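Colleague: Fold the following.
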Amino acid sequence: MPIEILMPALSPTMEEGTLAKWLVKEGDAVASGDLLAEIETDKATMEFEAVDEGIIGKLLVAEGTENVAVNSAIAVLLEDGDSSSEVEAAPSAPASPAPAAEAVTSSPAKSATLASSPVSAPPAAADKAAEGARIFATPLARKLAAQNNVDLTRLSGSGPRGRIVKADIEAAGSAVSADRTVASMASAASTSGAASAPQSANFETISKLYAERAYEEISLDRMRKTIAARLTQAKQTVPHFYLRRDVMLDNLLGFRGEMNAALAERDVKLSVNDFVIKACALALTTVPTANAIWAGDRILQFTPADIAVAVAIDGGLITPVLKDADQKSLSVLSTEMKDLATRAKGRKLAPDEYQGGSFAISNLGMFGIDNFDAVINPPHGAILAVGAGKKKPVVTASGELGVATVMSLTLSVDHRVIDGALGAELLNVIVKNLENPMAMLA
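Modeller: You can find the predicted model right below:
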């Protein structure tokens, strides 16, 4: 029986995408893992891989088609014994969205695997497993099952024709996925029309106010819609509070100059932001109860310190994640951050490179901004807004008037996860790390 190939959900917030390019044509034989198409999301351009093997019977969506709904049919795959006549009645346009099967994707730099919502499993799947018949499962599902000691014969697959997919393995275990929280929040924002409905509903009224003024109407792309929906939802549902501290940067700037001189031969140049990343990561390990996120009906507290860093790109922003930042040297963090930022601006990041983390940093100091309040990007528990370092008059420890380079920090905190005293403790450790930079190398 022909298998419909569905538009994959390449991120928890993706609702539609652009089928930029087909990498196969009708009649081509494909195997599991072969590249099928390039798909543009609001954040990146990804390559979509085949899960099943067979013959491409029909391409239902043309190259360059925009706004293709997630889970709509984009092609038909013929398996052994299937006839091309069986796809003649297949629709030539994307079908209505249906629950998604598993999608395996990769970027030019690295591969990443995501699973979207499962579909209902055929009743026969469990019976076949019980009879010892062949178990149909994706390669990823088999790998995860082996890693988590999950017995595939006891599962009913929720993928196409009862195939066991990643979501089935996750459901069988006890792990709680933070990405599901993100997806549910984004879905809630979409359902309530947080980003688009009020705007479209009020457009005629608002435009009448400016009928006699010249203006250009700019349509929202997927990235801007996603940013609007997620951050509107964040301010509506996340109880923010803010903590502010000043940091004396003179010790750090002097130490940075010495390190950059020593690292010059390795073509490494540390930025103040690299020190901020390291300081925040170490602070999360020093105050582990603050290394946490809100997950609907519980809190997830992490052992590793994964730091997301906001990067401005054309049309919006993205937050690449530096994993295990507490365990990495400043030079490694600097190199990784430069690589992630470069690929982010080219929209070449894989989903696992910009999803996750419990804490984020947004630095506008390079634009001369003294201080600002950043909006938490769910499900993160906090975000640190970093201002510019400027020469200011200060009272020294000896009580004398002096001049120092001062940088303002504002910590936006999710009060559901971190209370005031805990947030203050975290920010104090961050400041201590920055004012004593040599201790971060110990």
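
Colleague: any idea of the mean pLDDT for stretch 40-50?
Modeller: Averaging pLDDT along stretch 40-50 yields 80.

Colleague: now what about it, what contacts it?
Modeller: By CB atoms under 8 Å, 6 or more residues apart in numbering, the residues outside stretch 40-50 that reach it are 5, 8, 10-11, 13-14, 17-18, 20, 23, 30-39, 77, 103-108, 221-223, 225-226, 316, 318, 347-351, 354. C-beta coordinates here come from the backbone N, C-alpha and C atoms, glycine included.

Colleague: Could you turn the buried ones of these into a ChimeraX selection?
Modeller: Restricted to buried positions by 16 or more other CB atoms under 10 Å, the ChimeraX selection for those reads:
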select :5,8,10,11,13,14,17,18,20,30,36,37,38,39,77,103,104,105,106,107,222,223,225,226,316,318,347,348,349,350,351,354
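
Colleague: mind listing which of the contacts of stretch 40-50 are in helices?
Modeller: If you go by DSSP state H, these have 222-223, 225-226, 351, 354 in helices.

Colleague: Reformat these as a markdown table; add distance to residue 413.
Modeller: Converted to a markdown table, these look like this (distance: CB to CB, whole Å):
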| residue | distance to residue 413 |
| --- | --- |
| 222 | 30 |
| 223 | 26 |
| 225 | 27 |
| 226 | 24 |
| 351 | 26 |
| 354 | 22 |
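
Colleague: What helix or strand is residue 246 located in?
Modeller: Taking DSSP states H and E as the definition, one finds residue 246 inside strand 240-248.

Colleague: Mind telling me what element residue 208 is part of?
Modeller: According to DSSP H and E, residue 208 maps onto helix 197-209.

Colleague: Could you give the average pLDDT over that helix?
Modeller: pLDDT averaged over helix 197-209 gives 67.

Colleague: likewise stretch 421-438?
Modeller: Per-residue pLDDT over stretch 421-438 has a mean of 96.

Colleague: Convert it to CSV, retaining C-alpha atoms only.
Modeller: C-alpha atoms of stretch 421-438 as CSV (Å, rounded to 0.1, in the frame of the first residue of the first chain):
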residue,chain,number,x,y,z
ALA,A,421,16.0,35.2,47.2
LEU,A,422,17.2,32.4,44.9
GLY,A,423,17.3,34.7,41.9
ALA,A,424,19.3,37.2,44.0
GLU,A,425,21.8,34.5,45.0
LEU,A,426,22.2,33.4,41.4
LEU,A,427,22.8,37.0,40.2
ASN,A,428,25.3,37.6,43.0
VAL,A,429,27.3,34.6,42.0
ILE,A,430,27.3,35.8,38.4
VAL,A,431,28.7,39.2,39.5
LYS,A,432,31.3,37.6,41.7
ASN,A,433,32.5,35.4,38.8
LEU,A,434,32.8,38.4,36.5
GLU,A,435,34.6,40.6,39.0
ASN,A,436,37.1,37.7,39.8
PRO,A,437,37.6,36.3,36.3
MET,A,438,40.8,34.3,37.2
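
Colleague: Return the backbone torsion pair for residue 334.
Modeller: Dihedral pair for residue 334: phi -60, psi -50, per degrees, to the nearest 10.

Colleague: Go ahead and confirm it touches residue 268.
Modeller: Yes: contact criterion CB atoms under 8 Å: residue 334 and residue 268 qualify, at 6.1 Å.

Colleague: Comparing these two, which residue is more hemmed in?
Modeller: residue 334 (22 against 18; other CB atoms under 10 Å).

Colleague: tell me the contacts of the more buried one?
Modeller: Remark: with contacts taken as CB under 8 Å, 6+ apart, residue 334 is in contact with 268-271, 274.

Colleague: Now the buried members of those.
Modeller: Neighbour-count burial (16+ other CB under 10 Å) applied to the contacts of residue 334 gives 268, 270-271, 274.

Colleague: Let me have these in TSV, adding secondary structure, pLDDT and distance to residue 312 as columns.
Modeller: Output for the buried ones among the contacts of residue 334, formatted as TSV (DSSP: H, G, I helix; E, B strand; the rest coil; pLDDT from 0 to 100; distance: CB to CB, whole Å):
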residue	secondary structure	pLDDT	distance to residue 312
268	coil	91	23
270	coil	95	21
271	coil	95	15
274	helix	96	17
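
Colleague: could you dump the residues you listed to JSON lines with distance to residue 285?
Modeller: Shown next, in JSON lines, are the buried ones among the contacts of residue 334 (distance: CB to CB, whole Å):
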{"residue": "268", "distance to residue 285": "24"}
{"residue": "270", "distance to residue 285": "21"}
{"residue": "271", "distance to residue 285": "22"}
{"residue": "274", "distance to residue 285": "17"}
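
Colleague: Among those, which pair sits farthest apart?
Modeller: 268 and 271 (10.6 Å; CB to CB).

Colleague: The residue positioned nearest the centre of the chain and residue 377: what is the separation?
Modeller: Nearest to the mean C-alpha position of the chain, by CA atoms, centre = their mean, lies residue 355 at 2.5 Å. As judged by CB to CB, to the nearest Å, residue 355 and residue 377 stand 11 Å apart.

Colleague: cool, residue 260 as well?
Modeller: Residue 260 sits 31 Å away from residue 377, taking CB to CB as the criterion.

Colleague: So for these two, which sits in the more crowded spot?
Modeller: Neighbour totals were compared for residue 260 and residue 377, and residue 377 leads with 21 against 14 (other CB under 10 Å).

Colleague: Identify the residues contacting that one.
Modeller: Residues in contact with residue 377 (CB under 8 Å, 6+ apart) are 230-231, 234, 308, 319, 360, 383.

Colleague: name the element it belongs to?
Modeller: Assigned by DSSP H and E, residue 377 falls within no helix or strand.

Colleague: and if you look at residue 47?
Modeller: strand 45-49.

Colleague: Residue 211 now?
Modeller: Assigned by DSSP H and E, residue 211 belongs to no helix or strand.

Colleague: From residue 141, how far off is it?
Modeller: Note on residue 211: its distance to residue 141, by CB to CB, is 57 Å.
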